[in-house]
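*Asks:* sequence and computational prediction follow.
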Amino acid sequence: MLDLPEEILEPPTRSPVARDVARRAGVSTATVSRVLNGSAGVRADKREAVMRAAQDLGFVANGAARALSTRRFMAVGAVVPNIENEAFVRVLSSFQDRLRQAGYTLVAANAGYDLEDELREATFLLERGVDGLMLVGDIHHPDLHARIARAGIPMVQTFSLSRERPCVGFDNAASAARAANYLMDLGHRRIGVISGLRKDNDRGGARVTGIAAALAARGLRLASEHDIEISYGIGGGRDGFRQMLAGGPPPTAIICGTDQIAFGAMIEARARGLSIPGDLSVIGHNDSDFAPFLDPPLTTIRIHSAEIGHAAGDHLIARIQGRPMVRLTEIDAELILRASTAPPRGAAA
């Protein structure tokens, strides 16, 4: 038997309560409650005194009790398809900035481009308690919107435009068509597409539709052997371009679903002795941080993800606080021209 020294455990120190904060700040407990619940009508000096007293005492508000009394959780949920996608990282960061400024905490989840998983993650957030919810796109599980309605909280969709639901985004078909028209203006006639997953992804599907429509408007078509759907990432881009080459002569230009896919396609093209843009023009999507530093720098469609996140945050905060907001906010994408695109060889000057 071990001979251990006897220890006397002191009873835990009582956690500070709202009354302690009020006494230290020199205000009433009602004022403390209004400050901690984010209510208006409290003088700035009193609000500052309460927050300083709470910090000095190490006071932590009882969120569950506060939620019962105010029906506010001071938390907002977000479910995105891929937490590794740079566009979604940017939107979450800027969205969180807006929420934090208004006193809300972000709780985010990754759905992996799976509607069942998106439903599961969103349901978890709704059951645990959030004051609003941000989603991506306009395609969701049939049960999701009914559950949001039963929860009685505002929702906003991002990265696409909806005919019915609150949204902050852009016309994906039009932005991709702009890229296709630019390539055709350079003289390209054989244009290919390497996209990520399109199932249950209205953004990816709309972009391919927009490219095909732009080609058709000039009497051209998107050949099936030049229309490749792959998994995401640089490796997916390499694999996609290999598949394209297996179908016969390659196109003279390709439009890719993300900059990572474009980077992979460029690597594979170079490995096969093709020059960019001499033999192959390449356009990406997102304008990732690395895009200007590739060799050659990548022409891409810039999605203003940070602005989308800010606008989505403003939208939800306003509706949570009972203020009216426009249903649709469009933040258009932009074609950024760099050195990965040029006229095809032999094109007339």
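*Replies:* Nice, I can see it. Numbering: from 1, shown residues only.

*Asks:* what number of residues lie near Asp114?
*Replies:* By other CB atoms under 10 Å, the residues close to Asp114 number 16. Yep, even glycine has a C-beta here, placed from its N, CA and C like the rest.

*Asks:* ok, Ala149 next?
*Replies:* Using other CB under 10 Å: Ala149 sits among 10 other residues.

*Asks:* that one falls within a helix, correct?
*Replies:* Yes. According to DSSP: H, G, I helix; E, B strand; the rest coil, Ala149 belongs to a helix.

*Asks:* can you tell me how far it sits from Arg163?
*Replies:* 18 Å (CB to CB, to the nearest Å).

*Asks:* one more: Asp114?
*Replies:* Counting by CB to CB - Asp114 and Arg163 are separated by 24 Å.

*Asks:* would you map the helices across the stretch 51-200 of the chain?
*Replies:* 63-70, 86-101, 115-128, 144-151, 172-186 (DSSP state H, counting those that start in this stretch).

*Asks:* next SSE after the strand or helix carrying Phe241?
*Replies:* Following DSSP states H and E, one finds Phe241 within helix 234-246. Following helix 234-246 in sequence order, the next helix or strand is strand 253-256 (DSSP H and E).

*Asks:* where does this structure have low pLDDT?
*Replies:* 1-15, 38, 40, 60-72, 347-349 (pLDDT under 70).

*Asks:* ok, now with 90
*Replies:* Low-confidence segments of the chain, defined by pLDDT under 90, are located at 1-21, 29-48, 50-73, 84, 197, 231-232, 247-250, 346-349.

*Asks:* grab the most central residue of it for me.
*Replies:* Centroid-nearest residue in the chain, with CA atoms, centre = their mean: Phe88, separated by 2.9 Å.

*Asks:* let me see the contact set for that residue.
*Replies:* Val80, Pro81, Asn82, Val136, Ser305 (CB atoms under 8 Å, 6 or more residues apart in numbering).

*Asks:* looking at those, which is nearest Ala265?
*Replies:* Asn82 (19.1 Å; CB to CB).

*Asks:* distance of the spatially closest residue to the closest one that is not a sequence neighbour from Ile230?
*Replies:* Nearest in space to Asn82, with sequence neighbours left out and distances taken as CB to CB, 6 or more residues apart in numbering, is Phe88 at 6.1 Å. From Phe88 across to Ile230, the span is 19 Å (CB to CB).

*Asks:* isn't Gly284 right up against Ala265?
*Replies:* No. Counting by CB atoms under 8 Å, Gly284 sits too far from Ala265 to count as a contact (9.0 Å).

*Asks:* so what sits against both of the two?
*Replies:* Joint contacts of Gly284 and Ala265 (CB under 8 Å, 6+ apart) are Cys256.

*Asks:* looking at this, Ile34 is in a helix?
*Replies:* Just to correct that, residue 34 is Arg rather than Ile. Yes. The assignment for Arg34 is a helix, going by three-state DSSP.

*Asks:* leaving out sequence neighbours, find the closest residue to it.
*Replies:* Val42 (5.3 Å).

*Asks:* which residues in the protein form strands?
*Replies:* Secondary structure of the chain (DSSP state E): strands at 75-80, 105-110, 133-136, 155-158, 167-169, 191-195, 227-229, 253-256, 281-286, 299-302, 328-330, 334-336.

*Asks:* out of the ones you listed, the one nearest Ala214 is which?
*Replies:* Nearest of the strands of the chain (CB to CB): strand 191-195, 9.0 Å.

*Asks:* and the angle from the closest one to strand 281-286?
*Replies:* 30 degrees (axes from the mean of the first three to the mean of the last three CA atoms, to 10 degrees).

*Asks:* neighbouring strands - and their directions - for strand 191-195?
*Replies:* Using DSSP bridges, the strands paired with strand 191-195 in its sheet are strand 227-229 (parallel), strand 253-256 (parallel).

*Asks:* count of residues packed around Ser224?
*Replies:* Residues near Ser224, counting by other CB under 10 Å: 8.

*Asks:* from Arg198, how far out is Asn172?
*Replies:* 11 Å.

*Asks:* who's more crowded, the two?
*Replies:* Between Asn172 and Arg198, counted using other CB under 10 Å, the more crowded position is Asn172 (26 against 17).

*Asks:* quick one: that one from Asp227, how far?
*Replies:* When Asn172 is compared with Asp227 (using CB to CB), they lie 16 Å apart.

*Asks:* now swap in Asn110 and tell me
*Replies:* Distance from Asn110 to Asp227, by CB to CB: 28 Å.

*Asks:* same question, Val76
*Replies:* 38 Å.

*Asks:* who has more neighbours, the two?
*Replies:* Just comparing Val76 and Asp227: by other CB under 10 Å the higher neighbour count belongs to Val76, 29 against 17.
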